[in-house]
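**Student:** One predicted model, sequence on top.
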Amino acid sequence: QVQLVESGGGLVQAGGSLRLSCVGSGGTFSNYEVGWFRQAPGKEREYIAAINWRGGSTNYADSVKGRFTISRDNNKNMVLLQMNSLKPEDTAVYYCTAGSSITVVRRGAGYWGQGTQVTVSS
């Protein structure tokens, strides 16, 4: 079992950037595929991006494609989400999730962190 801790959230103006981090512990982090979801107030949790265990394959939701970049450093047990050109509609709690496959990750069936708040002001 792996524990996940997100950090890097905060308040930023529209057009700005933030970089979120997800650090894993308690398991072999490099064995897991990892993804990011977000949940805005009153809305369902939304899939954002995923990366395979080696970091060579990534996938993005259309809503963030071209603006967000997911990457990982298995030596540091860390996955990053670089968010550029942020919009007010990106405001949400962002969650990191890890699973045995990209399918598990995208279904939201893996392990979850506690989340980090991102607020984008207009």
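**Tutor:** Yep, it's here. Numbering: from 1, shown residues only.
**Student:** nearest residue to Arg45 other than its sequence neighbours?
**Tutor:** Counting by CB to CB, 6 or more residues apart in numbering, Gln39 is the residue found nearest to Arg45 once chain neighbours are left out, at 4.4 Å. (Glycine included, C-beta is placed from N, CA and C.)
**Student:** The helix or strand harbouring Asn59 pairs with which strands, parallel or anti?
**Tutor:** Assigned by DSSP states H and E, Asn59 falls within strand 58-60. Looking at strand 58-60 with DSSP bridges, its partner strands are strand 46-51 (antiparallel).
**Student:** So for the strand it pairs with, what gets flagged as buried?
**Tutor:** 47-51 (16 or more other CB atoms under 10 Å).
**Student:** which residues touch it?
**Tutor:** Strand 46-51 is contacted by residues 33-40, 57-61, 63-64, 68, 70-72, 79, 81, 92, 94, 102, 105-106, 108 when judged by CB atoms under 8 Å, 6 or more residues apart in numbering.
**Student:** dump the residue contacts of the residue nearest to Arg45.
**Tutor:** Residues in contact with Gln39 (CB under 8 Å, 6+ apart) are 45-46, 92-93, 95, 115.
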